[in-house]
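Visitor: coordinates only, sequence not included:
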């Protein structure tokens with residue numbers, strides 16, 4: 001049997017180490033919320049699990065997670081989490097994955113929760129990613145591509161990613177502004193936790209709140225021709241123009257980068273300095289809504305009152321500015 005020259009063997013071994021790195025991604029998660037969050041991570045069906053499925057991330061802290069080639073899945077922030085003193089069972093007021101522990105162990109986020117969704121090295125050798133509010137909302141979130149194929153490099157392969165490889169997310173704190181019939185309030189036990197303040201802690205989707213085919217894009221409404229934006233999905237879309245607001249919101253909500261791009265995911269990104277001042281304020285000054293308030297075309301209109309420019313416009317402009325950095 002012929003022997004492989006030593007230098008050839010070394011070259012082959014070097015390639016084996018280099019190739020996985022060229023097609024994997026690193027996710028860097030940063031918590032700018034004024035309280036601890038517990039990121040949850042769920043791998044898609046048939047996709048290798050990540051090194052962790054959940055952990056605590058203190059205010060101001062960052063953590064990195066490496067993903068293998070062709071990984072797909074989602075990430076989110078759990079809030080107001082604690083272990084029961086009697087049973088030791090771990091649970092969260094929002095985004096709970098039902099595992100009973102800090103690790104989600106294959107459990108997904110209970111809605112409502114803001115989701116970061118990824119498919120790495122997909123069709124055409126591109127990464128596909130989005131921030132989704134289809135299952136509701138609990139914290140602001142920003143995804144910024146990093147590296148040669150990301151926003152910092154402006155896209156380098158000359159294909160579709162160069163025009164769609166940009167920051168996306170939802171910069172605005174919508175919990176206080178959430179319509180009353182979608183609003184999730186802190187329970188008595190959770191209201192003492194940081195970030196709750198006894199007020200709204202999440203904002204449900206219309207599908208979760210009402211369960212009708214029209215809002216869930218199911219049954220006769222199970223295709224893009226019949227399932228259209230609702231007044232509720234438009235509330236989310238006006239606040240967060242690049243985030244998914246309902247099931248068929250693809251054209252303005254899915255982004256692509258060259259495979260091998262890494263991603264920075266920030267919970268509670270500021271529209272100015274990038275940090276909050278120790279609390280969880282209403283980002284961009286969004287005001288609570290009631291039955292007489294409606295968002296339309298970037299304007300906040302109140303019946304019986306003068307129309308004024310919505311602070312949501314400022315948040316959208318800030319997101320566009322981030323993409324240009």
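Guide: Arrived safely. Remember, predicted model here, so these are calculated numbers, not experimental data.
Visitor: neighbours around the nearest residue to residue 27 once chain neighbours are set aside, how many?
Guide: Distances taken as Cβ to Cβ, 6 or more residues apart in numbering put residue 65 closest to residue 27, at 4.8 Å, once the chain neighbours are dropped. From N, CA and C alone the C-beta is placed, and that goes for glycine too. Close neighbours of residue 65, defined as other Cβ atoms under 10 Å, add up to 18.
Visitor: check residue 266 too.
Guide: 24.
Visitor: so it is in which element?
Guide: Here residue 266 sits within strand 262-267, counting by DSSP states H and E.
Visitor: surely the residue nearest to residue 27 and residue 25 touch.
Guide: No: counting by Cβ atoms under 8 Å, residue 65 does not reach residue 25; the two are 9.3 Å apart.
Visitor: thinking again about what came up before, contacting residues around the residue nearest to residue 27?
Guide: Taking Cβ atoms under 8 Å, 6 or more residues apart in numbering, we find residue 65 in contact with 26-27, 29, 41, 50-52.
Visitor: sec struct for it, please.
Guide: Using DSSP: H, G, I helix; E, B strand; the rest coil, the structure places residue 65 in strand.
Visitor: distance of it relative to residue 251?
Guide: 29 Å (Cβ to Cβ, to the nearest Å).
Visitor: hang on, the earlier thing: report the mean per-residue pLDDT for the strand holding residue 266.
Guide: The average of the pLDDT scores along strand 262-267 is 97.
Visitor: that strand pairs with which strands, parallel or anti?
Guide: strand 25-31 (parallel), strand 141-146 (antiparallel) (DSSP bridges).
Visitor: right, so those: which one is the most enclosed?
Guide: strand 141-146 (a mean of 24; mean count of other Cβ atoms under 10 Å).
Visitor: which stretches of the stretch 1-150 of the chain form helices?
Guide: 6-22 (DSSP state H, counting those that start in this stretch).
Visitor: list the buried ones in stretch 82-96?
Guide: By neighbour count with 16 or more other Cβ atoms under 10 Å, stretch 82-96 contains the buried residues 90-96.
Visitor: quick one: the strands in the stretch 51-200 of the chain?
Guide: Applying DSSP state E, counting those that start in this stretch to the stretch 51-200 of the chain gives strands spanning 62-67, 72-83, 90-94, 115-119, 126-132, 141-146, 168-170, 183-185, 200-203.
Visitor: what angle sits between the longest one and strand 262-267?
Guide: Meaning strand 72-83. 30 degrees (axes from the mean of the first three to the mean of the last three Cα atoms, to 10 degrees).
Visitor: which elements pack onto strand 72-83?
Guide: Contact partners of strand 72-83 among helices and strands, from 3 or more Cβ pairs under 8 Å, 6 or more residues apart in numbering; DSSP states H and E: strand 25-31, strand 38-43, strand 90-94, strand 115-119.
Visitor: closest one to residue 138 among these?
Guide: strand 90-94 (4.1 Å; Cβ to Cβ).
Visitor: relative to strand 38-43, how tilted is the closest one?
Guide: Using the same axes, to 10 degrees: strand 90-94 against strand 38-43 is 100 degrees.
Visitor: can you map out the helices along the stretch 151-300 of the chain?
Guide: Using DSSP H, counting those that start in this stretch, helices in the stretch 151-300 of the chain cover 161-164, 206-210, 213-216, 231-239.
Visitor: where are the low-confidence patches of the stretch 101-250 of the chain?
Guide: 148-163, 188-198 (pLDDT under 70).
Visitor: now the helices and strands packed on strand 72-83 as JSON lines including distance to residue 142?
Guide: As requested, the helices and strands packed on strand 72-83 are exported to JSON lines (distance: least, Cβ to Cβ, whole Å):
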{"stretch": "strand 25-31", "distance to residue 142": "9"}
{"stretch": "strand 38-43", "distance to residue 142": "14"}
{"stretch": "strand 90-94", "distance to residue 142": "18"}
{"stretch": "strand 115-119", "distance to residue 142": "9"}
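Visitor: wait, which of these is closest to residue 199?
Guide: Here strand 90-94 is closest among the helices and strands packed on strand 72-83 (Cβ to Cβ), at 12.1 Å.
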